[in-house]
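J.: Sequence plus predicted model, see below.
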Amino acid sequence: MRNEQARTAAPFHAWSAPLIDVAAWSVALGVTVLGLKRAEVASGAVALIGVLVVTVGAHVVVGQRFRLYTMRVHPVGLDEVLVLAGTSGVGAVALFVAGSLLGAVATWPAVLLAWPAALVLALAGRLVVDRHRGRRVGIIGNATPVIVFGAGEAGSRLVRSMLADPAAGWHPVAVLDDDPVRRRRLAMLAGVPVRGGRDRIGAVAADTGATTLVIAVPGARAVEVEHISVAAVGSGLRVVKLPPLSTLLQPGLRDLRDIDIDDLLGRDPVQIDAAAVAARIRGRRVLVTGAGGSIGAELCRQLHRAGPAELIMLDRDESALHAVQLSLHGRALLDTPDVVLADIRDAAALDVVFTERRPEVVFHAAALKHLPMLEQYPAEAWKTNVLGTLNVLEASAAVRVECFVNISTDKAARPVSVLGESKRITERLVAHMAERTGMPYLSVRFGNVLGSRGSVLTTFTRQIAAGAPLTVTHPDVTRYFMTIREACMLVLQAAAIGRDPEVMVLDMGEPVRIVDLARRLMAIYGCAVPIVYTGLRGGEKLHEELLGPSEVDTRPRHPRISQVAVVELSAPEVEAVRAVDGDPAVAMRELVAADVPTAPSPAAAPAPLPGAALLVDSRGQGRR
């Protein structure tokens, strides 16, 4: 029923405004002619009709040019009144010219009487139509009552779009804005009351019955989005938003999207020099190891858009290669040379691939990354993260790869885990190869990647979906976070601006408490499940660090990216890596101890929580 009513209302709305203007000018000119003395009215009716056609034609054409008929909303807004006045003024000029040439009416009396009459009639007609449409909108009835946050241009367009298209299912009941000057200037926005700033979200929601808040501030900083979202969710509102202005041509209803956890990190994403990245990649043969992983796959997608001469995707997981090829080309037959099935542990296989394909740029994303698993199986970390990286480096050096980017982790800054130690050694191996080849071989270090396989976000999401408690190791544990897209942008930027031997470290803002992340995610999903504190595991820190004790933060080429010098492994140390035949955990510890002070970090993990787990509900109130 609702869709049928919307279809019948739409044509009426589309034609109502121009028909009202035609009728207004016809009535105004007719009354003017009848009101004038007979001596002032020409005898030919054809000439009079000609004047009317010219006047109405000029009015409608100019009105269309200035979007008078596409800005139609309910109710009539001040901007529409101003445009209508200007358009009718053009009609008055056309009336004067046509009347003078055709001699149909006394021109000055006609203009002075018909112009204001036509304007008044056009406005009156719009008010009548809006009243009728108001009844029809009430019949449709299922629209979601929303509060629009932002009274700027984007918010204004959004409110008008909602009012102009009631069938879209959004009905603005209030507008909020933090700018007091704007609030004083705009008591109403297209007939919708402006009722204060973010401190009024709860009161306005309760007063209006709104169920959704739309953040219509495309340029809002991440921390602003977070504060507004937390206040809205706390008032029982669903939150949607307009994306950044850089992605919009004309803000509208189609651009609205749900708030996701990426919006709540409390910082703005790092921007890269796209031209420098494209210059490094375009027309070159590029190879990505670990191409089927979360980072590797997104990296391949971004590289594909940069226009390499050839993109070689290498992974030991055939299903993962199928998925990334499908995402790039819309088909995945796995019978083309862009996918390579190989294991970085197999040095001979890598040598064959590199010799035959001769890549010029290599992104090394293949690694084992789950800290607790590697604590149990340090030999696997050694074989993949250390020896596997050395194999890729040796194969790259053999074919004179021009640029090599290794993906590391913040756990390598002051390593206390097998994962951190293995990645610290890979950073030093890459620095060694940079010295040996004289090429820009470098590493990129960043924190936890939201949305990657096995990340805390995917874990929490699945636990919420199952109605299970959210598991957090410690109430005060913090981590640095970034999105998959942002991580890959940093890797690409490293290829463009990196020097050797060095590690590039992203400024990821302030670390985020995991328990806060859990609560925000529950708020977004509108649910409350217990939080269970399980205690820190072996090798875990309470707080991660981005830089080691002897590393200096310098940012010569990008304000949000640190470029940190790395002490490379010596040639004898590299030979020792190849020759290890004892316990790899001991070997890793000895190599790291020679590079990083062994004094415990002030951020090192405390002992796991003793006794029973502490359960905390979504408001943070604990119970035993």
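T.: Okay, I see it. Predicted, not measured: the structure shown is a model, and the values here were computed from it.
J.: For Ile561, give me its contacts.
T.: Listed by Cβ atoms under 8 Å, 6 or more residues apart in numbering, the contact set of Ile561 reads 270, 490, 493-494, 497, 504-507, 555. C-beta: built from backbone N, CA, C; applies to glycine.
J.: For Ala495, see how far away it is.
T.: Going from Ile561 to Ala495 by Cβ to Cβ, to the nearest Å gives 12 Å.
J.: Just give the number of residues close to Ala278.
T.: As a burial measure, Ala278 scores 15 neighbours (other Cβ atoms under 10 Å).
J.: Now it: closest residue in space that isn't a chain neighbour?
T.: Ala306 (5.2 Å; Cβ to Cβ, 6 or more residues apart in numbering).
J.: Relative to Ala495, how far out is the one you found?
T.: When Cβ to Cβ is applied, the distance between Ala306 and Ala495 equals 10 Å.
J.: Looking at those two, which one has more neighbours?
T.: When neighbours are counted by other Cβ under 10 Å, Ala495 comes out ahead of the other of Ala306 and Ala495, with 24 against 18.
J.: I'd say that one and Glu402 touch.
T.: No - under the criterion of Cβ atoms under 8 Å, Ala495 is not in contact with Glu402, lying 9.9 Å apart.
J.: Overlap of the contact sets of the two?
T.: Contact criterion Cβ under 8 Å, 6+ apart; residues bridging Ala495 and Glu402 by contacting each: Val361.
J.: Relative to Ala154, how far out is Val148?
T.: Val148 sits 10 Å away from Ala154 when distances are taken as Cβ to Cβ.
J.: Also Phe481?
T.: Counting by Cβ to Cβ, the separation of Phe481 from Ala154 is 28 Å.
J.: who's more crowded, the two?
T.: The residue with more neighbours, out of Phe481 and Ala154 and counting by other Cβ under 10 Å, is Phe481; that gives 26 against 22.
J.: Let me see the contact set for that one.
T.: Each residue near Phe481 by Cβ under 8 Å, 6+ apart is listed here: 265, 447-450, 508, 512, 517.
J.: Tell me the backbone dihedrals of it, please.
T.: Main-chain dihedrals, Phe481, degrees, to the nearest 10: phi -130, psi 150.
J.: same question, Val214
T.: Per-residue torsions, Val214: phi -100, psi 120 (degrees, to the nearest 10).
J.: and what of Val146?
T.: Main-chain torsions, Val146, degrees, to the nearest 10: phi -130, psi 150.
J.: isn't it right next to Val214, touching?
T.: Yes - between Val146 and Val214 there is a contact under Cβ under 8 Å: 5.4 Å.
J.: what do these two both touch?
T.: Taking Cβ under 8 Å, 6+ apart as the contact criterion, the residues that touch both Val146 and Val214 are Trp170.
J.: so where's the stretch 351-500 of the chain uncertain?
T.: Per-residue confidence for the stretch 351-500 of the chain (pLDDT under 70) gives these ranges: 451, 454, 500.
J.: Can you show me the helices along it?
T.: When assigned using DSSP state H, counting those that start in this stretch, the helices of the stretch 351-500 of the chain occupy the ranges 371-376, 378-381, 389-398, 418-437, 456-466, 484-497.
J.: tell me what the helix or strand Val240 falls within is packed against?
T.: Counting by DSSP states H and E, the secondary-structure element that holds Val240 is strand 238-241. Identification of packing neighbours for strand 238-241 by 3 or more Cβ pairs under 8 Å, 6 or more residues apart in numbering; DSSP states H and E yields strand 212-215, helix 222-234, strand 257-258.
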